[in-house]
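Participant: Need coordinates for the following:
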Amino acid sequence: MKKFHGRTLGLAFATLFAGSALASPIITFTDGVSYTTDSLTGFTTNGSQMHGMSITTCFITGACEEIIWDGTVGMASYGEARSSNWLLSVNGDTFGNPFTFETLNGDTAITSISINGRPGNTVFDVILDPVLSPGSARGNPFTLFGSNPDLANYTVNVNYTDRLAIGGVFYGDLYTVMNIDFGGQGFTGSFRFITDTDNNDFAGGSPIVPVDPNPVPLPGTLFLFVAGLAGLGLRRKLRK
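Facilitator: As a prediction, the model looks like this:
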């Protein structure tokens, strides 16, 4: 069981509190850009271990803001991304401890939050059971934690993308980016959520280049292709 007994206890508390949530998130998955690694470097991940993640929020005005996750703010298992407009933080192991998001400026409404774990060697593990990827353990997809009254009138859409394969095989549970949006509305207030994370050394991995099923020939390739057809036509004429 992932993260041993302490994690199981945390999950039990999460389940207890999540029952009173006012919104039911819509969760989807897309392949995006795929990455591969030989093996994960850990599956017990806390706030300080995600140092370097990129957090991008977009506002109702159309502007966006990127803040880098800071895992060195002085608490052993705490990390945060903070701007003058909002704060995203977590303290402890992410399997059972919630992230907290809150707006700090009542005049600034947030339409979306994107968390890119790759710069912080962080991966989202989205399947509780069974354990799929080698070197991983039990995971948790996005789950609201607590009552979250500020979300009462919002649609919460969560999309995981940019999957991670182990040894070139994608097992269906690991993604490197999580996007949250509020159905086109501008959100102000606070909410808490669980989403489990693992660790991976992306400096040691390499991106998988997507294969286009219908590639467009390059000019030089196209010329050779046409020349080949012309040669075949001339050969047939000479035979006749």
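
Participant: quick one: Met50 from Gly62, how far?
Facilitator: 28 Å (CB to CB, to the nearest Å). To be clear about C-beta, it is placed using only N, CA and C from the backbone, and glycine gets the same treatment.

Participant: Mind checking which of these two has more residues around it?
Facilitator: Comparing Met50 with Gly62 by neighbour count (other CB atoms under 10 Å), the higher total belongs to Met50, at 24 against 7.

Participant: The more buried one: what's it in contact with?
Facilitator: Going by CB atoms under 8 Å, 6 or more residues apart in numbering, Met50 touches 69, 71, 79, 117, 120-122, 197.

Participant: Nearest to Asn85 among these?
Facilitator: Nearest to Asn85 out of the contacts of Met50 is Trp69 (CB to CB; 15.9 Å).

Participant: Can you classify the spatially most central residue of the chain by secondary structure?
Facilitator: Nearest residue to the geometric centre of the chain (CA atoms, centre = their mean): Val177, 2.1 Å. At Val177 the chain is in strand, as set by DSSP: H, G, I helix; E, B strand; the rest coil.

Participant: Give me the distance between the residue nearest to it when sequence neighbours are not counted and Ser77.
Facilitator: Nearest residue to Val177, sequence neighbours excluded (CB to CB, 6 or more residues apart in numbering): Asp162, at 4.5 Å. Distance of Asp162 to Ser77, given as CB to CB: 26 Å.

Participant: Neighbour count for the two, which is higher?
Facilitator: Applying other CB under 10 Å to Asp162 and Ser77 shows that Asp162 carries more neighbours, namely 21 against 16.

Participant: quick one, what contacts that one?
Facilitator: Applying CB under 8 Å, 6+ apart, the residues near Asp162 are 32-35, 116, 118, 175-177.

Participant: Give me the phi and psi angles of Leu151.
Facilitator: Backbone torsions of Leu151, given as degrees, to the nearest 10, read phi -90, psi 0.

Participant: So it is in contact with Leu144, correct?
Facilitator: Yes. Assessed by CB atoms under 8 Å, Leu151 is found in contact with Leu144 at 7.3 Å.

Participant: Quick check: closest non-adjacent residue to Leu87.
Facilitator: Spatial nearest neighbour of Leu87, chain neighbours left out: Glu102 (5.4 Å); criterion: CB to CB, 6+ apart.

Participant: sorry, back to before: off-centre distance for the helix or strand containing the residue nearest to Val177?
Facilitator: Per DSSP states H and E: Asp162 is located in strand 157-166. Centroid separation for strand 157-166 versus its chain: 5 Å, with CA atoms, centre = their mean, to the nearest Å.

Participant: now swap in stretch 46-58 and tell me
Facilitator: Remark: stretch 46-58 is offset 11 Å from the chain centroid, using CA atoms, centre = their mean.
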